[in-house]
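J.: Mind folding the following:
(3 chains)
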Amino acid sequence: MTRAIHWFRQDLRISDNPSFSKTAEHDEIFPVYILDNRNPGEYSLGAASRWWLHHSLIELDKELDGKLALFTGDPSEVLTSLIARNGIDAVFWNRCYEPWLMRRDEQIKKSLKDKGVVVQTRNASLLWEPWTILKKDETPYKVFSPFYKKGCLNSAPPRFPLTKPDVKIIKKDKKSLPIANLNLLPKIYWYKDIEKLWQPGELGAQIRLKSFLNHGLSGYKVGRDFPAAKKTSRLSSALRFGELSPNQVWYAAKENTAACTPSEDLAHFLSELGWREFSYYLLYHCQCLPEKNLQQSFDLFPWSSNEEYLNAWKQGQSGIPFVDAGMRELWQTGYIHNRVRMVVASFLVKNLLIDWREGQKWFWDCLLDADLASNSASWQWVAGSGADAAPYFRIFNPVLQGCKFDPEGTYTRKFVPELKDLPNKFLHCPWEAPESVLQEANIKLGVNYPFPIVNLRESRQKALDAYSNIKSK
DNA sequence: TGAAATGTTGGGGCG
DNA sequence: ACGCCCCAACATTTC
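T.: This next block holds a predicted model:
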């Protein structure tokens, strides 16, 4: 009789779960989730992520016949007492890559092994382990394109997904807590819209994947830039919590795609998974990615600490319609379309001159898909402080971006309804509309929609000046 | 995974 | 018919 624990972490699925499949080879298996709610500092989950996690755990529990055991606290203590109570022989889990989790797990692994428990960890969330992709000189890549094309695509192909294992007997530890004790849901009911839009859990993730393959992938390369077009996969949260593995997505896209899908659509989508890999790769090789500018010259950047601007940005009251639409989408739905993410981030950093870490924090709290690696790497990319970042002078003009990527205004009007009667010509720049046009649309600037909080041309110039200053120092 | 400034070209209006 | 100007339209450079 052998008994083993599968410790669920960021792999909340049972198909293509290498560690869970390994556990299932034992006579009795104990599925466990532990919410480490000690004080992990800035890495503690944001409010939106906690909502997602709550529901994802409920779904996972259903798949496990109600046998998922829930705990809070120090995982080392929880596991140790679980092992003692149930006569456990082995503990298995899938690896995480957040620096504090790697440090924590390394210690847990050592202390369990010292007690004679078998411990094995596996890869379930990356297509390529970060330490396997290196340049010829054995150092890590710093630029995405060679990392992906030479590094990833030229090395061994990703592991093929596993099917659901046959599970013998699932056991639930007696001391498991009710999910309410994890305190994941907020006290205020702000997630009404979010509930309608998203389906956390493995089943919901698989439905979303199928729907994307059928409707989103063909035409993805162009369509992905138009927020009204609904061509993006919207799989980020599922990947973040491991309701799907990137391997499942990778092979499903390659194999289940309609024959008429142009190959550049598929290649482009796969490369987006590559960006996710690259973020984890950067985090693994530069563990200070979430806190520190990768380019040291940015340590001297004269960030502004203007609370008023920051709050206007957060609340979608900047007076720039495309930016406000994005920030309100974030607040209302827990998500922002990729193109708009870049625009609102660029606006914060390069027009408001606010430190990218402020944006990172807000996204961390509001995004259902908040992921330490992707969030940190992407903010550094936008700010220009990253290893392979957008040059600082590449500054989005949110008016032009709106005109280009939401020309009919469908997206902007949806989230900024007070502008819905403005003609397309002025939708993205209401301050340029003649008084008569504004009146016709029932808009009083400064009353029911703000004037732009900054002048785009001047603030752009200010950013460029600041940049050339830190560069010359 | 920009945008603005500057440079070049070519067609049409017009004296 | 010719030269000149104007200014899109496009290309290149610069930030």
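
J.: Contact partners for the closest residue to DNA strand C within the stretch 201-350 of chain A?
T.: Closest to DNA strand C within the stretch 201-350 of chain A is residue A:350: 11.4 Å, counting by C-beta to the nearest atom of the strand. Any C-beta I mention is one placed from the backbone N, CA and C, and that applies to glycine too. By C-beta atoms under 8 Å, 6 or more residues apart in numbering, the contact list for residue A:350 reads A:392, A:395-396, A:459-460, A:463.

J.: any idea which of those is the one closest to DNA strand C?
T.: residue A:395 (7.6 Å).

J.: tell me the secondary structure for that closest one?
T.: What DSSP: H, G, I helix; E, B strand; the rest coil gives for residue A:395 is coil.

J.: Quick check, pLDDT for it.
T.: With respect to pLDDT, residue A:395 scores 94.

J.: again with residue A:263
T.: pLDDT at residue A:263 comes out at 87.

J.: so residue A:71 is in which element?
T.: Here residue A:71 is covered by strand A:69-72, with elements defined by DSSP states H and E.

J.: Now do the helix or strand just after that strand: which elements does it pack against?
T.: Later in the chain than strand A:69-72, the nearest helix or strand by DSSP H and E is helix A:75-86. With contacts taken as 3 or more C-beta pairs under 8 Å, 6 or more residues apart in numbering; DSSP states H and E, helix A:75-86 sits against strand A:3-8, strand A:28-35, helix A:99-114.

J.: Pick the most buried one from the ones you listed.
T.: strand A:3-8 (a mean of 25; mean count of other C-beta atoms under 10 Å).

J.: C-alpha coordinates for that strand, CSV please?
T.: Output of strand A:3-8 as CSV, limited to C-alpha atoms (Å, rounded to 0.1, in the frame of the first residue of the first chain):
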residue,chain,number,x,y,z
ARG,A,3,0.2,6.7,-0.3
ALA,A,4,1.3,9.9,-2.1
ILE,A,5,0.4,13.6,-2.0
HIS,A,6,0.0,15.7,-5.0
TRP,A,7,0.5,19.3,-3.9
PHE,A,8,-1.5,21.6,-6.3
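
J.: Output the contacting helices and strands for the helix or strand following that strand.
T.: Toward the C-terminus, strand A:3-8 is succeeded by helix A:18-23 as the next helix or strand (DSSP H and E). Here helix A:18-23 touches strand A:3-8, strand A:28-35, strand A:90-94, strand A:118-122, going by 3+ C-beta pairs under 8 Å, 6+ apart.

J.: go again using 7 Å as the cut-off
T.: Judged by 3 or more C-beta pairs under 7 Å, 6 or more residues apart in numbering; DSSP states H and E, the packing partners of helix A:18-23 are strand A:3-8, strand A:90-94, strand A:118-122.

J.: Could you dump those strands into a markdown table and include mean pLDDT?
T.: Shown next, in a markdown table, are the helices and strands packed on helix A:18-23 (pLDDT from 0 to 100):
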| stretch | mean pLDDT |
| --- | --- |
| strand A:3-8 | 98 |
| strand A:90-94 | 98 |
| strand A:118-122 | 98 |
